[in-house]
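Asks: Need a 3D model of the sequence below.
(chains A, B and C, ligands or ions: 3)
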Amino acid sequence: MAHLSRVIVLIDMDCFYCQVEEKLDPTMAGKPIAVVQYNPWRGGGIIAVNYPARDKGVTRHMRGDEAKRKCPNIVLARVPQVRGKADISKYREAGNKVAEVLQTFTNLLERASVDEAYLDITEAVEKRLNNESHNIDVDKLINTFVVGYADTKEFIRLANNNELFENNVKLAVGGLITEEIRAAVLEKTGYKCSAGVAHNKILAKLVCGLHKPNKQTILPHDSVSILYESLPVTKIKSLGGKFGKTLSEELNITFMSQLAHFSEKQLAQKFDDKTGRWLYNIARGIDNEPVTLRLISKSIGCCKQFPGRTALTATRDVKHWTSELASELSERLAKDQEENNRKGKQIVISFAQNDIHSSRTIPLNSYEQSKIAECALAVIDKFCQRSDGSYSINFLGMSVGNFQEINQKSSITKFFLNMSKKQKISDEKNIQDTESITAIPQKCSEAKEISALEEEPNNQTEDDASDLSIYSRTTEEMEMDSDDLIYYEDICPNSVSSEPIHCFTISSQSSEEMESSRRSSMQSFFAKYFGDKTNETQEEDQQGQTVTVRGPQPEEKIEVPEVERPIPMLSFRLPQNLNEENSVLCDVCNKKVKLVNFGHHMDFHEAKSASKQNSSPTATLNKYVKEAQSKAKVTAVKRKSTEKLKPISSFLLATDGLNESNSEVCLECSKRIKLCDIASHTDYHVAKKLHDEINARPLPKSIMPSTSKKKYPETNENGITKFLKKYPEL
DNA sequence: CATGGGGCATGC
DNA sequence: GCATGCCC
Ligand SMILES: Nc1ccn([C@H]2C[C@H](O)[C@@H](COP(=O)(O)OP(=O)(O)OP(=O)(O)O)O2)c(=O)n1
Ligand SMILES: [Mg+2]
Ligand SMILES: [Mg+2]
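Replies: Residues are numbered from 1 along each chain as shown, chains lettered A, B, ... in the order given. Ligands and ions are numbered 1, 2, ... in the order given. The predicted structure follows:
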């Protein structure tokens, strides 16, 4: 049974921020504790509560004052305030310490949040089963619960007597190792944690929460049905939100066991293929999501809200907070560069006006605080500043991503340097491969200024290392070895990541394969991987269209012309008579697109087509001009492709310095509006209403992991489809 | 007025 | 590229 072959552990720290505070101030020990941020207003907002305080009814999201009322002797620890904002760096760093300990136990670790991580310990378990054939000592499972067994002893007794399926023996050994992991975490960091042990991530996560402070829980596969009988569907990760609710309502079910009564077809019909398949599997305790090697975050950001009256209106306030955020970000980026040998290439500037959130992405060329502040401010001014120079901003954020490795030494040099370094305990077989994974640098293309749509041309050279690599292996060989695949992201933090890489050949993964361009990377990867056969390989993609995987193409410089492009009138003025059509049919992809998103949607197409060889962006756009005008009934205006659309929220207006002679009171909001702004102000109200309506309506859609999306999973579980599904473009 | 700050994946 | 949903 393939889906029972793995042993997956989810480690989650207990009331983590509270533990961090307690360790720093041991006088708190044993007392009820909560961590708050921004103390002054009603005692601050609680974000973590320890177990004694939970017993008194204190919960997250409560105000500090309320917690004091419920639990008078509670200790309220405060999140450090730096530069006028809450700064959670200390908890992040504490989480890093924990992760370092976890790394010593497995080469397959996925950090899932500040305080939890998934570990695939299958190999460690199998190794132990091979080496030590003696019985499992139940005394070493003193903190372990087993779902479906009143007593852990009974489960172990059966396991030792060979009266259980081997999968359960694996889980029992997994429990043993997990006790060791948790003991090591406590010893090395002083923090307690809980754990779930199961055959997949979803179930490990689920059962971790079953026995929470300082305990661990094993879920044998045969106990899934018992567990599901009284388990609300909303307890499953990713079903806790809107989709989980509609799932329950649509199917008229409450518990997971009821979900299993539906066929895959029914579920696919109700929702979509991908979601249907995922739900069908999960209802049977099956989840094929791999533990993806990820030790560090893919983005580093900070943000702050300015609620109610505190909304930013004056230029100097906007400048001030932009500067403060840039300062924190700059500091954290510098540290990240030291620790992780990488540099972010993109920054996303986010803001909200009247609770309407928008964001704009721009290239990042410098980690210098002043540079970050400067470009952030330019964006904010461009999209938020009103005609009188004022603002109305209740949220600011900036987040850096698209990290690329900095390359000093050659990858080979660095690989051997790291080979000879530190060794870890537990599971030996792939340790060296693991070390190399974190060590392999990627090619770092110069931080040259590129337009958002421009792909960096790069020379696709036939590097020598490819002879040693997986690329020379056949598809069949790869499929046979699918169990040995490691899903990794660390080498390749961009979207190119997540290809499974064979353990043995990790070291041959030359830096030349890491390209700034998604397109060329995919092509070279495929071409080398599958050899000549690649050129004929045909598969069906998600939409059922036949796609042909092409071999490497001659280098082509992609021209990004200064395309004049139409945008919906909405971006600056709404049509007076809106019909109920909130969406238009995109002529490029034939999909329904919300009117408000149409401009950005075309940016999306342009970005995509820029990374393909054949399509001419101009031609596509010209076609769109016509269709958009007739179908969407919006007035097209011209915009340079390098310009970004104004968000809906830019309809906001100034309210100060106005009187009867130069202004009128808006019937809609009773605010005084400059005469010259009346037209666009009323447009704002229409836009806001439309925005609210659009965002209130849509039926919740599920966000399922990529592995459930394949159309023909049984026949193509591994090999080429694994790659194809990652690259729908192919 | 006002749970806030942070991160990930996905759809269009 | 941007918005959204889900989660910690
Ligand atoms: N909405 C949230 C949820 C969590 N956290 C922070 C504080 C928590 O301490 C930490 C870990 O989140 P958990 O959900 O794992 O909760 P705890 O670790 O606090 O408690 P538990 O013992 O239930 O895991 O993340 C947060 O800032 N905001
Ligand atoms: Mg926790
Ligand atoms: Mg957690």
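
Asks: all contacts plus neighbour counts: C-alpha atoms, from now on.
Replies: Will do.

Asks: Single out the residue in the stretch 101-250 of chain A that lies closest to ligand 2.
Replies: Evaluated by C-alpha to the ion, the stretch 101-250 of chain A has A:Asp115 as its residue closest to ligand 2, separated by 5.6 Å.

Asks: Now for that residue: which residues touch it?
Replies: A:12-13, A:16, A:95 (C-alpha atoms under 8 Å, 6 or more residues apart in numbering).

Asks: what's the helix or strand for the residue of the stretch 551-700 of chain A found nearest ligand 1?
Replies: The minimum distance from the stretch 551-700 of chain A to ligand 1, using C-alpha to the nearest ligand atom, falls at A:Pro700 (21.1 Å). Using DSSP states H and E, A:Pro700 sits in no helix or strand.

Asks: Name the nearest residue to it, sequence neighbours excluded.
Replies: Spatially, and ignoring its direct neighbours in sequence, A:Pro700 is nearest to A:Phe243 (5.1 Å; C-alpha to C-alpha, 6 or more residues apart in numbering).

Asks: buried set for the helix or strand encompassing the one you found?
Replies: Secondary-structure assignment from DSSP H and E places A:Phe243 in helix A:242-251. Neighbour counts over helix A:242-251 (16 or more other C-alpha atoms under 10 Å) mark A:243-248 as buried.

Asks: and those as CSV, adding pLDDT?
Replies: Formatted as CSV, the buried residues of helix A:242-251 follow (pLDDT from 0 to 100):
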residue, pLDDT
A:Phe243, 98
A:Gly244, 98
A:Lys245, 97
A:Thr246, 97
A:Leu247, 98
A:Ser248, 98
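
Asks: Closest one to A:Ser650 out of these, please.
Replies: Set against A:Ser650, the nearest of the buried residues of helix A:242-251 by C-alpha to C-alpha is A:Phe243 (31.1 Å).

Asks: what about that closest one, distance to DNA strand C?
Replies: 4 Å (C-alpha to the nearest atom of the strand, to the nearest Å).

Asks: related to what we said a few turns ago, anything in the next helix or strand after the helix holding A:Phe243 near DNA strand C?
Replies: Once helix A:242-251 ends, the next helix or strand along the chain (criterion: DSSP H and E) is helix A:256-259. No - applying C-alpha under 7 Å from any atom of the strand, one finds that helix A:256-259 is not in contact with DNA strand C, the shortest distance being 14.0 Å.

Asks: which helices and strands sit right next to helix A:256-259?
Replies: When contacts are defined as 3 or more C-alpha pairs under 8 Å, 6 or more residues apart in numbering; DSSP states H and E, helix A:256-259 sits against helix A:224-229.

Asks: So which bits of the helix it packs on are buried?
Replies: Neighbour-count burial for helix A:224-229 flags A:224-225, A:227-228 (criterion: 16+ other C-alpha under 10 Å).

Asks: the strands in the stretch 301-450 of chain A, which residues?
Replies: Remark: strands assigned in the stretch 301-450 of chain A by DSSP state E, counting those that start in this stretch are A:342-353, A:356-363, A:393-405.

Asks: Identify the neighbouring strands of the shortest one in the sheet and state each direction.
Replies: Spelled out, that is strand A:356-363. If you go by DSSP bridges, strand A:356-363 pairs up with strand A:342-353 (antiparallel).

Asks: what is the rounded mean pLDDT of the partner strand?
Replies: The average pLDDT for strand A:342-353 rounds to 98.

Asks: do stretch A:703-712 as well
Replies: Rounded mean pLDDT across stretch A:703-712 is 62.

Asks: Contact residues of the stretch 101-250 of chain A facing DNA strand C?
Replies: Counting by C-alpha under 7 Å from any atom of the strand, the residues of the stretch 101-250 of chain A near DNA strand C are A:113-116, A:234, A:236-244.
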